[in-house]
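Student: Below: sequence and its predicted model.
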Amino acid sequence: SFRRYPDGSFEVNYYFDVIARALYVFDTLASELEGRYDGPAYFIYGPASMLAVYNEEESIRKHFPNAELI
């Protein structure tokens, strides 16, 4: 879950093990992506991120047209 507080801070809860496994095989996953999700999607990244989200924006928008890159 993702929550933003009135002071501008965030709280994020996620299943780390699931995400870590997905990142480990990311190249395989990325080449097999199909479909489209039209709901809200957030791609949170920073300068030390393992993934270069900013380089994948075209692919992200193809599958997640309402994505917000944060």
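Tutor: Done, it's in.

Student: only C-alpha atoms for contact and neighbour calcs from this point on.
Tutor: Noted.

Student: quick one: contacts for the spatially most central residue of the chain?
Tutor: Note on the chain: the residue nearest the mean C-alpha position is Phe43, at 3.4 Å, using Cα atoms, centre = their mean. With contact taken as Cα atoms under 8 Å, 6 or more residues apart in numbering, Phe43 is in contact with Val53, Ala67, Glu68, Leu69, Ile70.

Student: Point out the ones among the residues you listed that are inside strands.
Tutor: Judged by DSSP state E, the contacts of Phe43 include Ala67, Glu68, Leu69 as members of strands.

Student: Any idea how many residues pack against the first one?
Tutor: Summarising burial for Ala67: neighbours were counted as other Cα atoms under 10 Å, giving 18.

Student: surely it meets Arg36?
Tutor: No. Taking contacts as Cα atoms under 8 Å, Ala67 lies outside contact range of Arg36: 11.1 Å.

Student: Can you show me the helices along this protein?
Tutor: 16-24, 26-31, 57-63 (DSSP state H).

Student: Confidence-wise, which of those is weakest overall?
Tutor: Sorting the helices of the chain by mean pLDDT places helix 26-31 lowest, at a mean of 60.
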